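Enquirer: here is my input, please return the structure:
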Amino acid sequence: QVQLVESGGGLVQAGGSLRLSCAASGRTFSMYAMGWFRQTPGKEREFVAAIARSGGSTAVANSVKGRFTISRDNAKNTMYLQMNSLKPEDTAVYYCAAELGVRPIDVHSTAARYEYWGQGTQVTISS
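Expert: Take a look at the predicted model:
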């Protein structure tokens, strides 16, 4: 089992940047494909980005493509989400998630595939 803790959220103006981190503890981090999702009140959890176990494959939602970058450092048991050119519509609680038992190159955008979730970090973008 893995435990996930997000950090790096906050309040920034539109056009600004934030870097979210997801620190993992427990089982070997490189065994997990990882993802970022976000959620606003009354809406379903939305896929943002995913990264394969090895870091060699990534996927990014169209809504954030060209602005957000996902990465991981398996030696530090940490995943990152670099968010640039932030917009008010990016305001949400951001969650990191882990999926076990996938091939080293696989990435998935479906929340139901992920077994482990962090507690979330609030990101608020002011206009």
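Enquirer: hey, let's count contacts and neighbours off CA atoms from now on
Expert: Fine.
Enquirer: could you pull out the strands for the protein?
Expert: 2-7, 10-13, 18-26, 32-39, 46-51, 58-60, 68-73, 78-83, 92-100, 116-117, 121-126 (DSSP state E).
Enquirer: so which elements touch the fifth one?
Expert: Helices and strands touching strand 46-51, as assessed by 3 or more Cα pairs under 8 Å, 6 or more residues apart in numbering; DSSP states H and E, comprise strand 32-39, strand 58-60, strand 68-73.
Enquirer: could I get it in CSV with only the CA atoms?
Expert: Provided in CSV are the C-alpha atoms of strand 46-51 (Å, rounded to 0.1, in the frame of the first residue of the first chain):
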residue,chain,number,x,y,z
GLU,A,46,-11.6,15.4,-13.8
PHE,A,47,-8.4,14.0,-15.3
VAL,A,48,-5.5,16.4,-15.6
ALA,A,49,-2.4,14.4,-16.3
ALA,A,50,-0.8,10.9,-15.9
ILE,A,51,2.7,9.5,-16.0
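Enquirer: so it versus strand 92-100, what angle?
Expert: 50 degrees (axes from the mean of the first three to the mean of the last three Cα atoms, to 10 degrees).
Enquirer: got the contact list for strand 46-51?
Expert: 33-39, 57-61, 64, 69-72, 106-111 (Cα atoms under 8 Å, 6 or more residues apart in numbering).
Enquirer: Serialize the strands of the chain to TSV and add fields for mean neighbour count and mean pLDDT.
Expert: Below are those laid out as TSV (neighbours: other Cα atoms under 10 Å; pLDDT from 0 to 100):
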stretch	mean neighbour count	mean pLDDT
strand 2-7	20	96
strand 10-13	15	98
strand 18-26	19	96
strand 32-39	26	98
strand 46-51	24	98
strand 58-60	20	97
strand 68-73	20	98
strand 78-83	20	98
strand 92-100	24	97
strand 116-117	18	98
strand 121-126	19	98
